[in-house]
Structure formats: structure tokens, C-alpha cells
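Colleague: output the structure for:
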Amino acid sequence: MRAFLPPGGRYRRCNRPTTCGLITASTAILAARYGLIFPGFPPALAHVQGVSTASNGGASSPVELFSIRGRNVYVKRDDLLRLPGSGISGNKARKLASLDAIPASEFPSIMASHGGIQSNAMLAMAKLAKAKGSKFKYITKSIPKHLKANPSGNYKEALSMDTQFDSLKPSDYDTYFGLSAPAIERGATPPCIPGLDYLRATENLLWIPQGGACAVAEDGVCGLADEIWNWWIIHGVPSGETLNVVLPAGTGTTALFLTRSLARRQNLDGTRTDVRVFAVPCVGSADYLKAQMTALDNASGGEKIFPRILKPKTRRQFATPHESLYTIWEQLKKAGLDVDLVYAPPSWEALFDSWNEVFTSNSTVLYVHTGGLEGVSSMLHRYQREKKIPPSDC
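Modeller: You can find the predicted model right below:
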């Protein structure tokens, strides 16, 4: 078997089985699907513009220092990443880098996934499929009438890329994709849903779980770990401080694989370092996040190395406008940091609420900016529609 490599990439040995809910004739996808050990997926982000990996040694996405609410926080600017072919940005560029490296001629003819109607991951997958000349089919809950009549945000952009949306009643969607459904197991094949015959295909279908939560994402996230590790070795280790890496979490895919990869580096490197990863649960509770990461861990090697969970003191309903979250978004913007309106505000809220309790004076905080700016417009309109902000702010 051979793995696909981007231009200039070099093989590196993969010492772990990789599994993912994927069905396709592509060699790399088959290896992921059946847990085969092979020379490796494309080296992490070796062909992402401006990003270093262990294999190419180029420049990385920058780390910048911001002062917000009197606190100094370093920010890993993954929002500045772009995959050259598809234009995918942020942590989706990390998660989908291995798939992006597959030549269009060998890419599956159909790509399918599921999730929210304004999902950033959905739009990233639509861009990937469009760049590869493949069809993209997306399963979601019933689409609101106002959105169907006046498409906006990620939904509108995905429609412009010929995405096929298959909507299910909320109860039916939860049957197939809810926490109690078999599909929660990250290595599972897509469910059999009446009327969606393409899900029964045995080849030429690439199935990606919600948010890209599968083992294919790990290699790209390893590139992020490389960059953080190399930055900290230069800037932090001489001071003897602890590095606290904080990032938003939906399924927890990036947080899980980042923690794994940094743990490996701490075990292999002779330098005395102290790096901790904190995941902020944004979609559900801490227990929900733990369940998501446990399922993915079991499906991708079962290493049982998990990030710490930074529990918000105030529970927020996911993607629901709130004045205090908008205030945080504005404060970050005034400090020179543009962020999304769904994941970043509750993450920064949890960060500052826990600052004195969790982070010691002899420690550094590094926030991973995971992107998602493409969803800001639709969220601003939702804030205005629910009268949380004046129309002039949109």
C-alpha cells in the first residue's frame, strides 16, 4: 500500500492503527477505515501555506501576545491558516489536511457528513468536495423556514457550491445521530436512513462524522502540536514556567489529538517541560465532551490520554445569543483579535472566570484560535433578530 503525499512531503512511520468512519476506494481512506498500519498519512500540513511540520521545517502560524482584561494571553493564530486548494481555514484545515492531500483523480466521488445547518465544519467539507470535483451531501435537522426562504451564512455559501442538504425531523435525526445512537462510535459506518440510498454505497463514498471527529484528523493536529512544542521550547522552557494551552471544544477532536501529541513529545524529549491542555466544552456539558472524546479515543487507538476540561461557571446553551458573550466578543475585537461568535466568547469567559483558581502566577496561557470567522455574519444577524444588539452592529 502507498500513502498519498503532498509535493515535497516525506514519509514518516505511523506507529498506531488509525480508524475512521470512512468508506471509499482510496488507499489512504481504506487504511483509516480498516485500522491498517501504513507508512503514514501525508505529513501534517506539509502543503498548507505558511505552516511548518516536522517534515518541511517552514514557518508556522504565528503566536501573538494580547492584553485583555488586564491579562496577558498568547494566541496561536490558526485562524490565519489556509489550505491552498480549497481555502479551508482554522482547525478545519488541521482536521482535513490529510484528505486535502489526496489527488482529485483518486478522491471519492461522493462525500457525506451530518451536523448543524450553519456548521463551520460543514462549509469546510463543502469546500473540500468542490475542490476535488466531488458531490457533497449533508444530513441535518429540519431547516428553518426563514432560512430556506432567505439563505444566509454558511448555509448560503454551501448551497452555492452545490451541496445537497437532506433534512430529517429532529426526532429522527436524534435517533440516528444522538448520543444514544450507534453512530456516536467514531469508527462506525453511516446509518441506513430510508430514502438516502447513497449511504449504502460500499465504495466511492467518503463518510465523515460530525465536525470531522475521526482519526484522519490526527495527523493535521500533530502539526499544531509540533508548532506549539517548538515555540515553547524556545520561549517558555528557559523560564521554568508551565504552559497552559486553552482551546474551544465541540466534539473535542482537536483537543484530544493535541493532548496526545504533546504527551508523546514530553515523553520523548529530554527537556523538562510542563505543558497542560484545557478543553472548554462549548456544545454541551463537561460530561458530554468527555463522552465524545472517549468514543473517539476508543476508535483511534485507545491511548486514554485526555485534556483537562475547563468547566464554565455559567452554563450557556450552544450557539444561543447572550449579551455577556457579545460583550466579550467586542472586547476581543477592540484588543485587535477577531474571533467567532459561537465558540470563542464562552471559551474566553471560562478562561477569565477560572484564571485565579486554575492558572498560577508562574504559568503562561496560550489560547488556540481555531478560526470560524466565516460564521460571524450569520450570528450577528441572529443577535439582531433576537434583539440582543441594535441593527447598526450587524
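
Colleague: low-confidence ranges in the stretch 51-200 of the chain?
Modeller: Filtered on pLDDT under 70, the stretch 51-200 of the chain yields the residue ranges 51-60, 179-188.

Colleague: where along the chain do the strands fall?
Modeller: Using DSSP state E, the strands found in the chain span residues 63-68, 71-77, 110-114, 135-141, 164-168, 205-207, 242-249, 275-281, 308-309, 363-369.

Colleague: tell me the strands beside the longest one, with direction?
Modeller: Strand pairing for strand 242-249, determined by DSSP bridges: strand 275-281 (parallel), strand 363-369 (parallel).

Colleague: one more: the shortest one?
Modeller: According to DSSP bridges, strand 308-309 has the following sheet partners: strand 275-281 (parallel).

Colleague: okay if I get the strands of the chain as TSV plus distance to Pro346 and mean neighbour count?
Modeller: All C-beta spots, glycine's among them, are computed from the backbone N, C-alpha and C. Below are the strands of the chain laid out as TSV (distance: least, CB to CB, whole Å; neighbours: other CB atoms under 10 Å):
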stretch	distance to Pro346	mean neighbour count
strand 63-68	15	14
strand 71-77	16	19
strand 110-114	23	24
strand 135-141	22	21
strand 164-168	27	16
strand 205-207	30	27
strand 242-249	8	24
strand 275-281	7	24
strand 308-309	13	17
strand 363-369	13	22
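
Colleague: reformat those strands as a markdown table; add distance to Ala213.
Modeller: Listed next are the strands of the chain as a markdown table, based on distance: least, CB to CB, whole Å:
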| stretch | distance to Ala213 |
| --- | --- |
| strand 63-68 | 26 |
| strand 71-77 | 21 |
| strand 110-114 | 10 |
| strand 135-141 | 15 |
| strand 164-168 | 19 |
| strand 205-207 | 12 |
| strand 242-249 | 11 |
| strand 275-281 | 13 |
| strand 308-309 | 16 |
| strand 363-369 | 17 |
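
Colleague: between these, which one is nearest to Leu332?
Modeller: Among these, the nearest to Leu332 by CB to CB is strand 63-68 (6.5 Å).

Colleague: so who does the closest residue to Lys92 other than its chain neighbours touch?
Modeller: Excluding the flanking residues, the one nearest Lys92 by CB to CB, 6 or more residues apart in numbering is Ala124, at 3.7 Å. By CB atoms under 8 Å, 6 or more residues apart in numbering, the contact set of Ala124 is 86, 88-89, 92-93, 95-96, 212.

Colleague: can you give me the neighbour number for Phe257?
Modeller: Look at Phe257: counted by other CB atoms under 10 Å, it has 28 neighbours.

Colleague: against Ser134, how distant is it?
Modeller: Using CB to CB, to the nearest Å, Phe257 is found at 25 Å from Ser134.

Colleague: if we can go back for a sec, between the strands of the chain, which one is nearest to Leu337?
Modeller: strand 63-68 (5.5 Å).

Colleague: list the helices and strands the helix ranked longest in the chain packs on?
Modeller: Criterion DSSP state H: the longest helix present in the chain is helix 218-235. Packing partners of helix 218-235 (3 or more CB pairs under 8 Å, 6 or more residues apart in numbering; DSSP states H and E): strand 71-77, helix 90-95, helix 97-100, strand 242-249, helix 253-268, strand 275-281, strand 363-369.

Colleague: check which residues of the longest one are buried.
Modeller: With burial defined by 16 or more other CB atoms under 10 Å, the residues of helix 253-268 counted as buried are 253-265.

Colleague: please enumerate the helices of the protein.
Modeller: 27-33, 90-95, 97-100, 120-132, 145-149, 153-160, 170-177, 218-235, 253-268, 286-299, 323-334, 344-353, 355-358, 376-385.

Colleague: could you export the fifth one as PDB, CA atoms only?
Modeller: So that's helix 145-149. In PDB, the C-alpha atoms belonging to helix 145-149 read as follows (Å, rounded to 0.1, in the frame of the first residue of the first chain):
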ATOM      1  CA  LYS A 145     -38.500  28.200   7.000                       C
ATOM      2  CA  HIS A 146     -36.900  31.700   7.200                       C
ATOM      3  CA  LEU A 147     -33.500  30.300   6.300                       C
ATOM      4  CA  LYS A 148     -34.900  28.300   3.400                       C
ATOM      5  CA  ALA A 149     -36.600  31.500   2.100                       C
END
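
Colleague: ok, and what's touching it?
Modeller: Under CB under 8 Å, 6+ apart, the answer for helix 145-149 is 117, 155.

Colleague: how far is that helix from where the chain is centred?
Modeller: 27 Å (CA atoms, centre = their mean, to the nearest Å).

Colleague: just put the helices and strands packed on helix 218-235 in CSV and tack on distance to Ser119.
Modeller: Converted to CSV, the helices and strands packed on helix 218-235 look like this (distance: least, CB to CB, whole Å):
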stretch, distance to Ser119
strand 71-77, 22
helix 90-95, 10
helix 97-100, 17
strand 242-249, 14
helix 253-268, 14
strand 275-281, 17
strand 363-369, 18
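
Colleague: if anything else comes up later, I'll come back, but that's it for now.
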